[in-house]
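Novice: Sequence below, structure please.
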Amino acid sequence: MTPHINAKKEDIAKIVLMPGDPLRAKFIAEKYLKRAKLVNEVRGMLAYTGYYNNKKVTVMGHGMGIPSIGIYSYELFNFYDVDVIIRIGSTGAYLEEMNLGDIVIASQAISDSCYANNLDLDIKKNTIDASKDIYDLAIKSLDEKQIKYYDGLVLSSDAFYGYNHGKYINKLLRDKKILSVEMEAFALYANAIKLNKKALTLLTVSDSIPNKLEMSSQERQTSFINMMETAFLIVEKWYDKNNEFRYDSKIS
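Specialist: Below is the predicted model:
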């Protein structure tokens with residue numbers, strides 16, 4: 001157990017899906033998992049472990065921002081021996097052609113956060129890559145499901161309000177093609193590199209910044225179906241690829 005997670009070690013799967021909202025974790029567990037069990041509720045950060053097509057999966061909220069996902073993903077990787085974390089979250093689109101509900105794969109995350117420096121990581125140009133093998137499984141999964149997606153660089157912001165008008169973001173948007181903004185991928189990728197683990201961020205466009213459109217809080221909690229089902233397909237492919245991961249063949 002840790003100060004923030006009171007689950008038993010054996011109650012956490014080797015693969016964890018992490019939405020920001022703990023209520024979205026509850027929704028995903030109830031909709032997709034068989035024999036879902038609540039294994040953590042410290043600070044209201046709900047975590048459920050169950051089975052998806054016989055594969056053991058944990059779904060756990062990570063909260064908002066780099067410090068929050070930094071804590072939870074570090075503890076899962078380091079103290080619970082989790083091998084793979086896939087963040088499944090929302091994002092604000094920067095490109096006019098991107099629509100609400102579109103999928104974004106964060107193959108890279110950029111941030112002006114000091115988080116990576118605090119881990120003594122030598123990160124060039126404040127940019128961190130997702131884990132390539134998990135990224136490849138995501139591409140295959142989306143192609144199989146024939147889901148349109150955007151793939152590239154996302155901005156992990158430390159500020160939710162006012163940030164889009166700052167000098168840093170304006171310079172980034174001039175110099176780089178940034179697909180969208182969110183608040184967590186950079187820390188997740190930093191922890192994965194630091195601890196020699198695997199991580200990926202899948203996002204659903206919940207806001208269009210140039211078009212001034214946004215989803216409701218209820219839509220954010222329950223309507224990201226394409227992203228959720230893609231994440232579970234990645235889980236299946238990961239289990240099939242890595243035979244050392246055992247699963248329960250008796251679950252139906």
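
Novice: For residue 37, which non-adjacent residue is spatially closest?
Specialist: Nearest residue to residue 37, sequence neighbours excluded (Cβ to Cβ, 6 or more residues apart in numbering): residue 49, at 5.5 Å. To be clear about C-beta, it is placed using only N, CA and C from the backbone, and glycine gets the same treatment.

Novice: Now do the same for that neighbour: its pLDDT.
Specialist: Per-residue pLDDT puts residue 49 at 98.

Novice: I'd like the distance between it and residue 9.
Specialist: 11 Å (Cβ to Cβ, to the nearest Å).

Novice: Then residue 117?
Specialist: As for residue 117, its distance to residue 9 is 30 Å (criterion: Cβ to Cβ).

Novice: Test my guess that the residue nearest to residue 37 contacts residue 40.
Specialist: No: Residue 49 is not in contact with residue 40 according to Cβ atoms under 8 Å; the separation is 9.2 Å.

Novice: what touches both of those two?
Specialist: residue 7 (Cβ atoms under 8 Å, 6 or more residues apart in numbering).

Novice: Which SSE is immediately downstream of the helix or strand harbouring the residue nearest to residue 37?
Specialist: In the assignment (DSSP states H and E), residue 49 maps to strand 47-52. Counting by DSSP H and E, the element after strand 47-52 in chain order, helix or strand, is strand 55-60.

Novice: Just give me the neighbour total for the residue nearest to residue 83 when sequence neighbours are not counted.
Specialist: Leaving out its chain neighbours, the residue that sits closest to residue 83 by Cβ to Cβ, 6+ apart is residue 14, at 4.7 Å. Counted with other Cβ atoms under 10 Å, the neighbours of residue 14 add up to 21.

Novice: And residue 109, by the same measure?
Specialist: 26.

Novice: tell me which residues in stretch 140-160 are buried?
Specialist: Residues of stretch 140-160 classed as buried by neighbour count (16 or more other Cβ atoms under 10 Å): 141, 142, 149, 150, 153, 154, 155, 156, 157.

Novice: what is the mean pLDDT for that stretch?
Specialist: Here stretch 140-160 scores 93 as its mean pLDDT.

Novice: now swap in stretch 224-242 and tell me
Specialist: Across stretch 224-242, pLDDT averages out at 94.

Novice: residues in contact with it?
Specialist: With contact meaning Cβ under 8 Å, 6+ apart, stretch 224-242 is reached by 15, 17, 24, 28, 31-32, 52-53, 55, 57, 84, 86, 88, 90, 101, 103, 134, 137-138, 140-142, 144-145, 147, 200, 202-204, 245, 247.
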